[in-house]
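> Just a sequence and a predicted model for now, questions to come.
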Amino acid sequence: MAEFRVTGLVAATFTPFDDNGDVVLSKIEAHIKYLKDVGVKHVFVNGATGEGLSLTLEERKDIAAEWVKANNGRLDTIIMHVGCANLRDTQTLAKHAVEIGVDAIAAIPPQFFRPTTVDHLVEYMRRVCEAAPTLPLYLYHVPPLTCVELNMADFLRKARGVVPSLRGIKFSSQDLPIASECVQLEDAKGHKYNILFGCDQQLISALVLGVDGAVGSTYNFMAGVYQRMMEAMDRGDMDTARKEQYRSQRTCKLLFNYATQGGSTVSCLKLMMSFAGLDVGPPRCPMRALGADDVAKYRKELEEIGFFQWYRK
């Protein structure tokens, strides 16, 4: 387990719904094929992009099992998000992840009665670890959604040896100095923690700091931008790398603009996926899809920035 490490792009996958809000498991196969075709080898399932906290436990189990079954080894890594609003449900999903054979699990802390100190968070993750001790475990740090604003470097230090399966953090915070500190830290066996960045529009900065890879929604539909960016960085061509990151930033800015105009971030992300050629359905209530007029305007603005010329590799 100490050698388990994910590098590169990890797509935060969508949950496909029909117009009634029912899960359509049969669409997961097409999502796997799409990701393989665009060169994305790792997925993060049932997270925020997957509307995990809008799903029942049974739905989350069914989705997790279908990803493992449909994948059949085509993608390299399936990280299953198991975090819930309470510890017992989180432990239930963690145990289920072991049973179906996922590669790793991740968990957000509870958001209502939430950990208020690093020690509380370490104890919570220790108990998650107990439910699935054989699986690599990641803390899903997303303070804009959880309001758990704790220092992640302090968390890694205090979790060392206490949470033996902890492999790293899905770091969805814009606090780059703390991300940089986390990158330098080691577990009790002397292995660097696996830090996966979660803010797509800032990926270039996090890569410079030394993160191993990134988990993000936009890696579903414009992986080519980030693949070209990382390749340019590898060969020392920072001008090209910055150009590709700017394309990401322009796209994200448009997405966030429309998300505030009556839709939601997830609804706009799902719309982007349909523009890229894969239907993953609407978001689940209480989130709303954009109206037809806004969809047309959104697509037009994407055309104006050249999105459809460069989103694929």
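Cool, got the structure.
> residues in contact with Gly277?
The contact partners of Gly277, taken as C-beta atoms under 8 Å, 6 or more residues apart in numbering, are Tyr34. From N, CA and C alone the C-beta is placed, and that goes for glycine too.
> For burial, what's the neighbour tally of the spatially closest residue to Asp103 that is not a sequence neighbour?
Using C-beta to C-beta, 6 or more residues apart in numbering and skipping residues adjacent in sequence, the residue nearest Asp103 is Thr77, 4.8 Å away. Neighbours of Thr77 under the rule other C-beta atoms under 10 Å: 19.
> what about Val215, which SS state?
Under DSSP: H, G, I helix; E, B strand; the rest coil, Val215 falls in the strand class.
> okay, it: pLDDT?
Val215 is assigned a predicted lDDT (pLDDT) of 98.
> Count residues in the vicinity of it, would you?
28.
> So for it, what's the nearest residue that isn't a sequence neighbour?
Val10 (4.2 Å).
> So which elements touch the helix or strand containing the one you found?
Using DSSP states H and E, Val10 sits within strand 8-12. Where contact means 3 or more C-beta pairs under 8 Å, 6 or more residues apart in numbering; DSSP states H and E, strand 8-12 is packed against strand 42-45, strand 213-216, helix 223-234.
> before we move on, the earlier item: so who does the residue nearest to Asp103 touch?
6, 10, 41-43, 103-104.
> do that again at 6 Å, thanks
Thr77 sits next to 6, 42, 103 when contact means C-beta atoms under 6 Å, 6 or more residues apart in numbering.
> between those residues, which is nearest Arg228?
Proximity of the contacts of Thr77 to Arg228 was ranked by C-beta to C-beta; the top entry is His42 with 18.3 Å.
> Mind jotting down where the strands sit in the stretch 51-200 of the chain?
77-81, 104-107, 137-141, 166-171, 194-197 (DSSP state E, counting those that start in this stretch).
> where does the chain have low pLDDT?
Residues of the chain meeting the criterion pLDDT under 70: 1-2, 262-263.
> Tell me where the longest helix sits in it.
helix 238-259 (DSSP state H).
> and that helix, which residues are buried?
Neighbour counts over helix 238-259 (16 or more other C-beta atoms under 10 Å) mark 241, 244-245, 247-248, 250-252, 254-255, 258-259 as buried.
> what's the answer for stretch 277-290, then?
278, 280-284, 287, 289-290.
> about what we covered before: just curious, which of the buried residues of helix 238-259 is nearest to Leu207?
Of those, the one sitting nearest to Leu207 (C-beta to C-beta) turns out to be Ala241, at 8.6 Å.
> surely that closest one meets Glu231?
No: in this structure, Ala241 is not within contact of Glu231 by C-beta atoms under 6 Å, at 8.5 Å.
> Which of the strands of the stretch 51-200 of the chain sits closest to Val266?
Closest among those, once you apply C-beta to C-beta, is strand 77-81, at 14.3 Å.
> Tell me the strands beside the closest one, with direction?
Neighbouring strands of strand 77-81 in its sheet, by DSSP bridges, are strand 42-45 (parallel), strand 104-107 (parallel).
> May I see the buried residues of whichever helix or strand comes after the strand holding Val10?
Downstream of strand 8-12, the first helix or strand assigned by DSSP H and E is helix 28-37. For helix 28-37, a neighbour-count test (16+ other C-beta under 10 Å) marks 28-29, 31-32, 34-35 as buried.
> Then stretch 104-121?
104-110, 114-115, 118, 121.
> cool, and stretch 176-186?
So for stretch 176-186, counting by 16+ other C-beta under 10 Å, buried means 176, 178-183, 185.
> Over to stretch 54-73?
If you call a residue buried by 16+ other C-beta under 10 Å, then stretch 54-73 has these buried ones: 54-55, 59-61, 63-68, 70-71.
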